[in-house]
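Asker: got a sequence here, can you build the structure:
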Amino acid sequence: MNEMDFVTVDGNRFHHVWLRDNCPCPSCRDRSSYQKIHDPCERLAVPASIDLLDDALVLTWSDDPSPHRIGRGWLQANAYDRPRGNPVREERLVWDEKTLVASRPVIHDAAKLDSAAWTEAMVKWGFVRLGNLPRSKLEGFVASIGPISHYISPEPFISIKVVLEGEDLGLSSHALSPHTDLSYMPHMHPLIVGLYCVANDAPGGESIVWDLARWKRAFSILASEVRDYGLTRMRKILIRLLEI
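Answerer: The predicted structure follows:
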């Protein structure tokens, strides 16, 4: 890539395309859901002006003369071009249903246990359940783990509740289908995603843990059946996968 296609801020490089696509300013993000408003393929990533201020990077684009302000703190938190050291290999447990049932994860008391107890469970299982954590202490607890990412929202937490005429699916009463958060952001830095329940006075709302290792093995076997017997069996195969 041409160096002219980058902006350097506090020692980190940011490509023009990345800045245009990920700009967090109100002109580029919906005010309620904070989701991207524009399709990056429909806009040019050619800067008309670039001003580096004490607290922000301000850009105008060739097809948009209005200023787009990006905080320097936000850029630092989301820098993707920083030097990388040697990766540390972590020993992770690939668990299945049998292993999980035999040693069920417990709900750790956040007020009584030190961090070593629940962080060990996080490393072992990939998730952890915490209880007895008042809402007033939530932000301090999260900040003790590491810096809060503002990539998705300028606020430290995103409320998921029913809002009249809410524009986002998470603000409606419609059920969310099984999904993975942030998997569509391949450049995203590693994150711990948490769910904090403020009130639970409605049916439903279960969080599902999938045994993807087992699903992958089953899918590999069933995919071979598709190759051997053709697509006519696809419907039955998909039903069997869902039953797993």
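
Asker: is it true that Ser136 lies in a helix?
Answerer: Yes. Read with DSSP: H, G, I helix; E, B strand; the rest coil, Ser136 is one of the residues of a helix.

Asker: tell me how far it lies from Val198.
Answerer: Here Ser136 is placed at a distance of 12 Å from Val198 (C-beta to C-beta, to the nearest Å). C-beta here means a position set from N, CA and C on the backbone, and glycine is covered the same way.

Asker: which one's more surrounded, these two?
Answerer: A count of neighbours by other C-beta atoms under 10 Å puts Val198 above the other of Ser136 and Val198, at 10 against 7.

Asker: quick check, that one in contact with Arg135.
Answerer: Yes. Distance between Val198 and Arg135: 6.5 Å, which falls inside the contact criterion (C-beta atoms under 8 Å).

Asker: for Leu44, which non-adjacent residue is spatially closest?
Answerer: Nearest non-adjacent residue to Leu44, counting by C-beta to C-beta, 6 or more residues apart in numbering: Asp63, 5.0 Å away.

Asker: how about low-confidence regions in the chain?
Answerer: 1-2, 32-33, 82-97, 113-115, 151, 166-170, 173-190, 200-214, 221-244 (pLDDT under 70).

Asker: the longest strand anywhere in the chain pairs with which strands?
Answerer: Ranked by number of residues, the top strand in the chain under DSSP state E is strand 64-71. Sheet partners assigned to strand 64-71 using DSSP bridges are listed as strand 56-61 (antiparallel).

Asker: contact partners of the partner strand?
Answerer: Taking contacts as C-beta atoms under 8 Å, 6 or more residues apart in numbering, the residues outside strand 56-61 that touch it are 7, 9, 19-20, 23, 43-52, 66-72, 75.

Asker: of these, select the buried ones using a ChimeraX command.
Answerer: Command for ChimeraX, covering only those of the contacts of strand 56-61 found buried under the criterion 16 or more other C-beta atoms under 10 Å:
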select :7,9,19,20,23,43,45,47,68,69,70,71,75
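
Asker: and stretch 131-138, what's buried?
Answerer: Across stretch 131-138, burial judged by 16+ other C-beta under 10 Å covers Leu138.

Asker: alpha carbons of it, as PDB, please.
Answerer: Listed in PDB are the C-alpha atoms of stretch 131-138, where the atom choice follows Å, rounded to 0.1, in the frame of the first residue of the first chain:
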ATOM      1  CA  GLY A 131     -23.300 -12.800  40.800                       C
ATOM      2  CA  ASN A 132     -23.700 -10.200  43.600                       C
ATOM      3  CA  LEU A 133     -22.400  -7.300  41.600                       C
ATOM      4  CA  PRO A 134     -24.400  -4.100  42.200                       C
ATOM      5  CA  ARG A 135     -25.100  -1.900  39.200                       C
ATOM      6  CA  SER A 136     -23.300   1.000  40.900                       C
ATOM      7  CA  LYS A 137     -20.100  -1.100  41.000                       C
ATOM      8  CA  LEU A 138     -20.400  -2.500  37.500                       C
END
